[in-house]
Every structure is written in C-alpha cells, then in structure tokens.
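Enquirer: Next input, structure requested:
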Amino acid sequence: MAVIVKLDAQGRVVIPQAERERLGMRDGGALELLSTPEGVLLERRRRATVSSGKDGLPQVTLDDLETARNADAIQAIHAQRDDR
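Expert: Residues are numbered from 1 along each chain as shown. Next comes the predicted model:
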C-alpha cells in the first residue's frame, strides 16, 4: 500500500496512525534512516538478545529501542563529565 506523506518546514514526516499501529510502533520509538540507491528506508531500531532455549537451541528475542529524552541525555553527559 502506498501512502503519500509530506515534509513540514522542519523536514519532519508524519507516519499515518494506521501504519504505526500495523507495525507496532509506539510514541518515542526509534527509527533508523538508511540511504539506498532507490531512496530512503526507515526501519524500527530493535535490540536482538540471543539466549539458549530449554532444548539448547538459540532463541532470539527482539526488543524495541527507546529514544532518550533530551533532558536525560544532557544529565548523563554532565554526570560523566563531572566524574572525571
């Protein structure tokens, strides 16, 4: 299904709610923008955790990565700086 979206003055794109729901995307979720020869690809960022199942076979779990709030990121940077 093709959906036409527009850029606003700041270059932002709104992903329609129906698509966000279909893909299981939440507010604050992270997307990775990849340049391809055909254009731009947006992918959900997820962490893969590998563990062993009861049968000893590898079991992969995918978790969505959350984005950090600016205030939290600045606080972490200041705390690291102050620990030196």
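Enquirer: which residue sits closest to the residue most central in space within the chain in space, ignoring its chain neighbours?
Expert: The residue lying closest to the centre of the chain (C-alpha atoms, centre = their mean) is Ala30, at 2.1 Å. Spatially, and ignoring its direct neighbours in sequence, Ala30 is nearest to Arg45 (4.1 Å; C-beta to C-beta, 6 or more residues apart in numbering). Where you see a C-beta, it was placed from the backbone N, CA and C, and this is true even at glycine.
Enquirer: Count the residues that sit near that neighbour.
Expert: Neighbour count for Arg45, taken as other C-beta atoms under 10 Å: 13.
Enquirer: do you know how far it is from Gln80?
Expert: Using C-beta to C-beta, to the nearest Å, one gets 23 Å for the distance from Arg45 to Gln80.
Enquirer: go on, Arg22?
Expert: Taking C-beta to C-beta, one finds Arg22 at 39 Å from Gln80.
Enquirer: before we move on, what about Leu42?
Expert: Distance from Leu42 to Gln80, by C-beta to C-beta: 30 Å.
Enquirer: Over to Ser51?
Expert: 30 Å.
Enquirer: same question for stretch 27-45, mean pLDDT?
Expert: What stretch 27-45 shows for mean pLDDT is 81.
Enquirer: try stretch 3-13
Expert: 88.
Enquirer: now swap in stretch 54-71 and tell me
Expert: So the average pLDDT for stretch 54-71 ends up being 71.
Enquirer: Span of stretch 63-76 from start to end?
Expert: Distance between the two ends of stretch 63-76: 23 Å, counting by C-alpha to C-alpha, to the nearest Å.
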